[in-house]
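In: Quick check, what structure comes out for this input:
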Amino acid sequence: MDNNKKKEEEEGEGSGCTEPGSDWADLTRECLTNILSRLTLEQRWLGPMLVCKSWLQACTDSSLHSSFDVEPHFGTNTDSPRLWTPDFERKIDSMLRSVVVWSDHSLTSIRTHHCSDLALSFAAERKDPTV
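Out: Next comes the predicted model:
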């Protein structure tokens with residue numbers, strides 16, 4: 001075995017891990033979901049969902065989708081013209097629909113000004129029937 005390859009394996013560089021011998025793919029779904037629950041919706045969408053298929057599946061766990069709150073990301077710029085385009089509305093609608101489906105009837109709150117009535121109707125139709 002050449003010295004560089006041996007050094008990479010010892011340092012975990014071949015797997016993208018910083019700790020020798022650790023393998024993020026071996027995390028149980030429960031452990032991974034616990035870690036993901038500490039991230040914001042935006043952080044999950046921009047990071048872990050893109051890592052691999054098993055992480056994407058963990059990011060869709062219903063326990064992570066009891067609320068859809070994108071208001072903090074817009075601050076006081078709610079009148080910004082770029083936020084009121086049909087394309088932007090479609091993106092928010094798509095995100096909301098995904099969260100509704102992943103929530104498995106556990107979605108309890110929606111906070112956004114940037115979605116269509118159709119997307120809100122979709123969410124309302126799929127709410128928990130016992131609520």
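In: any idea of the pLDDT on Val101?
Out: With respect to pLDDT, Val101 scores 93.
In: Report the separation between it and Trp24.
Out: For Val101, the distance to Trp24 (C-beta to C-beta, to the nearest Å) stands at 26 Å. Placement of C-beta: from N, CA and C, glycine included.
In: quick check: domain ranges of this protein?
Out: In the assignment given by automatic domain parsing, the structural domains of the chain cover 27-64, 66-131.
In: first vs last residue of the shortest one, how far apart are they?
Out: Which is domain 27-64. In terms of C-alpha to C-alpha, to the nearest Å, the two terminal residues of domain 27-64 are separated by 17 Å.
In: Report the contact partners of the closest residue to Thr60 other than its chain neighbours.
Out: Spatially, and ignoring its direct neighbours in sequence, Thr60 is nearest to Trp102 (4.4 Å; C-beta to C-beta, 6 or more residues apart in numbering). The contact partners of Trp102, taken as C-beta atoms under 8 Å, 6 or more residues apart in numbering, are Thr60, Asp61, Ser62, Leu64, His65.
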